[in-house]
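Enquirer: Here's a sequence, model it:
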Amino acid sequence: MKKNKYLKQVGDIKDRGIIKWQGMMLTEHVEMIRAWYEEDKHDAKPDLDETDLQLLQEELVLAAQRKCQVKMKSWKEKKFHYHIGTIRELNAKNRLIVYEDPEGLHRLPINELIGIWLID
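Expert: I've put the predicted structure just below:
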């Protein structure tokens, strides 16, 4: 008689343990669950309306004129990123914000910016 390696004797009952539950999940379900968990790791892109964009532009111009330190929040590759520095230039032609922090000059595309706060 051939012995099944997954069967174990529990009292008078032969049980397959956890093996019996593996067939309950279809591969499509497993893939959907993995995609769902992966999606939870991402930040949702904020939806800025015209008023938000106008306020953002006013804060940018004010920060550039005052040459004060700012904290900027951007959204790229499904994640929020924070930048702290002093705005050196607003490049309208290339739609870039050039800011400086202790590590040097950096460029941030304007379309990635979703928030700005002046630090005085």
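
Enquirer: Roughly how far does the residue nearest to residue 72 when sequence neighbours are not counted sit from residue 111?
Expert: Spatial nearest neighbour of residue 72, excluding adjacent residues (C-beta to C-beta, 6 or more residues apart in numbering): residue 83 at 4.5 Å. For glycine as for every other residue, the C-beta is placed from the backbone atoms N, C-alpha and C. According to C-beta to C-beta, to the nearest Å, residue 83 and residue 111 sit 15 Å apart.

Enquirer: Quick check, the residue nearest to residue 72 in contact with residue 75.
Expert: No. Using C-beta atoms under 8 Å, residue 83 is not in contact with residue 75; the gap is 11.9 Å.

Enquirer: sec struct for residue 82, please.
Expert: Under DSSP: H, G, I helix; E, B strand; the rest coil, the three-state class of residue 82 is strand.

Enquirer: Would you enumerate the residues in contact with it?
Expert: By C-beta atoms under 8 Å, 6 or more residues apart in numbering, residue 82 lies in contact with 71, 72, 73, 74.

Enquirer: try 7 Å this time
Expert: Residue 82 is in contact with 71, 73, counting by C-beta atoms under 7 Å, 6 or more residues apart in numbering.

Enquirer: what's around the residue nearest to residue 72, how many residues?
Expert: Using other C-beta atoms under 10 Å, residue 83 has 17 other residues around it.

Enquirer: Please report how far it lies from residue 74.
Expert: Separation of residue 83 from residue 74 (C-beta to C-beta) stands at 7 Å.

Enquirer: Nothing else from me, thank you.
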